[in-house]
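# following is a predicted model, sequence given first.
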Amino acid sequence: MRATSRHTRPFSAIALLAVGAIALTGCVQSERGTDAGDGDGPDGTFVFAASGDPVSLDPAFASDGESFRVARQMFEGLVGVEAGSADPAPLLAESWEQSEDGLSYTFQLQEGVTFHDGTPFDGEAVCANFDRWYNFEGLAQSPGLAYYYGSLFRGYAGDDDALYESCEATAETEAVITLTTPFAGFIASLSLPAFSMQSPTALAEYGADEVGGTDEAPVLSEYATAYPTGTGPYVFESWDVGSQLELSANPDYWGEAGDVTDIIFRVIDDPNARRQALEAGSIDGYDLVAPADTVALEDAGFQIVPRDPFTILYLGFNQAIPELADVRVRQAISQAIDKEQLIAQTLPEGTQLATQFIPPVVAGYNEDVTTYDYDPEAARALLADAGYPDGFSLDFNYPTNISRPYMPTPEQVFTNLSSQLAEIGITVNPQPNEWGEYLNRVQNTEDHGIHLLGWTGDYNDTDNFVGVFFGAEKPEFGFDNPELFAALDEARGVADLEEQLPLYESINEQIAEFIPAVPLAHPAPSLAFGERVESYPVSPVNDEVFNLIELAD
Amino acid sequence: MLRLIGKRVALLVPTLFGLSLLLFLWVRSLPGGPATALLGERATPERVAEVNAAYGFDRPILEQYVTYIGRLVSGDFGVSIQTGRPVLEEFANRFPATIELTIVALIVAIGIGIPLGYLSAKYYGKAPDHIAVVVSLLGVTIPVFFLAFILKYVFAVELGWFPPDGRQDPRIDATDVTGFAVLDGLLTGEFDASGDALMHLVLPGIALGTIPLAIIARITRASVLEVTGADYVRTARAKGLSGGLIRDRFVLRNALLPVVTTIGLQLGLLISGAVLTETVFAFAGIGNFLADAIFRRDFPVLQGFILFIAILYALINLIVDISYSIIDPRVRVQ
C-alpha cells in the first residue's frame, strides 16, 4: 500500500503522460465546441478540397487540373468562356477581329484593369506575355512545363514551325497578334489558363523564367511558388505545400466581387477522405464525386452538381494484334457492346452515350455519323465471317486504383464489357495495371490488346479530341491510315471555323467507318457541396471562378 | 562506449552506399517512368522522350548513378520532379508533421501498452489477463488502414468529436515557427492553434499507435512473467522487500529490456505505418508525400526519402543499443 514516490518513477511517468495527453485533448474538445461553426456572422471563407497541390502557380508552366483550378481564381486571359458552355467569350479582351488573310488578330482590351501589383493591364502587357512564351528557353520548353504553348503554338523562337510571329501594342487598349500560319483554334485556345495574362513587372521581379536547378531537375522560380500576379478576383496569400493554399478577394478587382472573400484549397488526395471531409463539415465542396457516392450524399442533404460532359471514354483497339486488324472484328466488338447498360451500371448520372469521339457541344459533331447499335447476333455473324466462328481470346488492358473525370471506376467498366464480349465468344484475358505502368504499356508499347482510355477536353477545339487520338501513327492504336492523318492535318490548318465544320464532320464519319476504337460514353463529372452553397458556376471546361459562387447567409 | 558508437557509425557508410544503389535501381525498375506519370493521357512516345531527355533519364544508368552519388555526397538530394522543389526542403516541410504523429502514436502505444502488459502479467490467467490478450490480439490483426477508416468514420464523421483530416483547421491562422504545429502554438501563445493541432493528432495517433501498442503489451506481459519467476525476484521476496520495491527495481527494470528493443523496432515501423495513416487522414507528413511519390514515379523524392528513413532507422537502432547499456549495466562492461 505504501508507495514510495522515489521508486515509482518509470511507471507513473508513463501513466502521467497518457493521462496528460487525454486530459489535454479533453479540454481542447470543450473549447472547440464553442468556436467551431460559422456562428459569428456570414462566413466568406470557402474551403474546397483539391486532390493535390498545384504543380506550379505560374499557369504558363502548368497543364494539370489542380494548377488550373487555382490559376482561374487569380488570373484571367484575353479570352474567357461563356458561362456554362465551352464557347469562347470576351474577358480581358472586349472584342477581337481577324484579318482578311486569317493571320492577324486585333484585340480591344478592357480599360482600367490593373494587375494585383498595380501594374496596368494594357497592350504592352499583352505583348510581354506572348513574347515571354515564345522566348522560353531550355528546360522551360519541356512538355512537363510549358506543355500547352509548346503543343498549340508548335514551337519557340528559332523553330521553323512556330506559329507565333509577333505582337504589337498599337494603342493602350489594343494589341495585334500575328501568326505565321492560320490556326482556327487560336481564339478558343486562349481561354486556357496556360495563356493567362500575368504582370510583366512581377514576372521580371521574381524571375519567372528562371527555371533553375540542374538540367536533370528544374526548380520552379520564386514567381511560380510564391508571387503569382494576375488580374483575377483573388490574390495569392499563402501556400503550405502538401496541406493548403489560401487566396483572398482582390479589393481592386475590375469585375464583380462575390460572396466568397477567402478561398482555402485543402489538399486531400484520397477520394474517400474528401467525401468524409464534406460529411464532417471540414470542407465546403469537392470535385469528381465517385458515382457510388452521389446518391448517399444527396440523401444526406448535400448538393451534387453535375457538369455538362466534355469528356470521352473509349475502348481502344490495338491493330498490331492480327485479329483486331480486321475491320469486321472491330465492328463485331462495337456491336457486342450495349452502351446504355454500361452507362446505367458503371457511369455517373448525366453521362451521355457516345457515337463519336467528341462530345455534342464541340464543333464538328456529326449527327448522322454511322453508328453500330447493340446487336450480338450481327456481331457473331461478323466474327464468323471474319473466320472466328468460335470467337477468340484477347488481352483486355485496364488501369486500377485510379479515377479520371472520364472514367471514375475503370474496374467496373472492365467487368461490364468483359461479360458483354463473352456473349459473342470473345474471351478476355484481364490485364490490370497500376496507372503509371498502364499508361506506359498502352501508349508506348505494342504489348496490349483492347484497352480503356479517354480524355477530358481542354477547350472547344475538335482537333483537341480527334487530332490527339488519331492524328498520327501511335503504338496505342497500331494503325497507319495516311488518308485520315492527312484529313486531320488539313482541317487543323484551316483558319476559318465555318470552313472547318464540314471537314470535321466528314472526318468523324471517316473515323466511324474505320473504327480505331469504340466511343463508349461522355461521362459527366460532378461536384458535391455543403448546404450553405446556394449556387456554383459549373462549367463543362472547368472554367469555374469562385467569385460567382453564391453562399447562404 | 564512444568506440562502440564510432564503430557502429562507420559500419553505416557501406550499408547506406549499398542501399542507395539498390534504391536507385529499384525506382528505375518501376514500370512507367516519371515522364508518363507527369504527362498522363498526353504521354505520346515523342513527348515522353522529350521529358526524359530534359531530365536526363535517357542517359546510361551508370552515368545517372554516378551523378546522383556525386550530388548526394555534397548533400544534394535532388529536386522533386512533381513539385520542382529540392527534396530536402520538401522533407523539412513535412517531417515535423510525421514526427508529431509518431510521438502521439508512441505515447498511445507505450502509455497503454506497458501498463496493459504489466496488468496482464500481474493477473496472469485471470479475467484482466484474458481481456488484455484479446485486446492486443485485435490490435495486431486489424490493418492500420481499416482501423484509421473506422475511427474516422465513427469519431469524426458520425460523432463529430474530432476533425476528420489535416493537421489544423484551415480557418485558423497559426504562425509557423518550427513546423511542429503543437509546439508552435505553445511558443507563440496561440494556444487554440496548439489545441486544434492536438485534436487533429488524436485519431491518426490512435490508429497508428494500435499495432505497436498491442505488440508492446504482449512483449511486456511475457517479459514481466519471465522476470517475476526469476531467482533474484524470489530472493528479494524472501528477504521481505515490499511489493512496490520489487516491482519497480527488480521486475520492471529488468523486464523493460526487451520492451525497449521492441519500441525501437516499432519506431521504424511507425514511419512506414504513417504512409497509410497519413493518406486516410490527409495528414501532410512524409508518409502521404511518399505514397504520392511512388504513384507519380518521382525518382529523386523516392530515393531521397527512403535513404533518409534508412539513416533514421539506423540511428534509432544505435540509440536503442545505447539505451540498453543504460538500463542494463552488464552491456556496459563489454
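It's in.
# what's the closest non-adjacent residue to the residue nearest to the spatial centre of chain A?
With distances taken as Cα atoms, centre = their mean, A:Gly65 lies nearest the centre of chain A, 4.5 Å away. Nearest non-adjacent residue to A:Gly65, counting by Cβ to Cβ, 6 or more residues apart in numbering or on different chains: A:Asn542, 6.7 Å away. Using the backbone N, CA and C atoms, a C-beta is placed for each residue, glycine as well.
# tell me how many other residues crowd the one you found.
Counted by other Cβ atoms under 10 Å in any protein chain shown, the residues lying close to A:Asn542 total 21.
# try B:Ala238
As a burial measure, B:Ala238 scores 8 neighbours (other Cβ under 10 Å).
# quick check: pLDDT value at the closest residue in space to A:Pro348 that isn't next to it in sequence.
What sits nearest to A:Pro348 in space, not counting adjacent residues and going by Cβ to Cβ, 6+ apart, is A:Pro291, at 4.1 Å. We have a pLDDT of 83 for A:Pro291.
# the residue nearest to the centre of chain A against A:Glu544, yeah?
No - counting by Cβ atoms under 8 Å, A:Gly65 stays clear of A:Glu544, with 11.2 Å between them.
# what ranges do the helices span in the stretch 201-334 of chain B?
Listed in chain order, the helices of the stretch 201-334 of chain B (DSSP state H, counting those that start in this stretch) span B:231-238, B:243-245, B:253-280, B:286-296, B:299-327, B:329-333.
# if you could redo that for the stretch 101-250 of chain A, that was the one I meant.
Counting by DSSP H, counting those that start in this stretch, the stretch 101-250 of chain A has these helices, from start to end: A:123-134, A:147-152, A:186-189, A:200-205, A:222-226.
# what about the shortest one, near chain B?
No - in this structure, helix A:186-189 remains apart from chain B according to Cβ under 8 Å from any Cβ of the partner chain; the gap is never smaller than 15.0 Å.
# just how off-centre is that helix within its chain?
Its chain's C-alpha centre and that of helix A:186-189 lie 17 Å apart, by Cα atoms, centre = their mean, to the nearest Å.
# what residues does it touch?
Residues outside helix A:186-189 that contact it (Cβ atoms under 8 Å, 6 or more residues apart in numbering or on different chains) are A:79, A:87-88, A:96, A:105, A:148, A:152, A:179, A:183, A:195, A:459-461.
# tell me the secondary structure for the residue nearest to A:Ile450 when sequence neighbours are not counted?
In this structure, A:Ile450 finds its nearest non-sequential neighbour in A:Phe396, 5.3 Å apart by Cβ to Cβ, 6+ apart. Here A:Phe396 takes the strand state, with states given by DSSP: H, G, I helix; E, B strand; the rest coil.
# hmm, A:Ala175 and A:Leu109 touching each other?
Yes - A:Leu109 lies in contact with A:Ala175 (Cβ under 8 Å); the separation is 6.7 Å.
# find residues that contact each of these two.
Both A:Leu109 and A:Ala175 are contacted by A:123, A:126, under the criterion Cβ under 8 Å, 6+ apart.
# where does chain A dip in pLDDT?
Scanning chain A for pLDDT under 70 picks out A:1-42, A:212-218.
# what is the burial count for the one residue in the stretch 101-250 of chain B that gets nearest to chain A?
Nearest residue of the stretch 101-250 of chain B to chain A: B:Gly111, at 3.1 Å (Cβ to the nearest Cβ). When neighbours are defined as other Cβ under 10 Å, B:Gly111 has 23 of them.
# the strand or helix carrying B:Leu11 - what's its average pLDDT?
B:Leu11 is part of helix B:2-29 when elements are defined by DSSP states H and E. When pLDDT is averaged along helix B:2-29, the result is 82.
# let me know the angle separating that helix from helix B:299-327.
Between the axes of helix B:2-29 and helix B:299-327, defined by axes from the mean of the first three to the mean of the last three Cα atoms, to 10 degrees, the angle is 150 degrees.
# would you mark the buried spots in helix B:2-29?
B:12, B:16, B:19-20, B:23-24, B:27-28 (16 or more other Cβ atoms under 10 Å in any protein chain shown).
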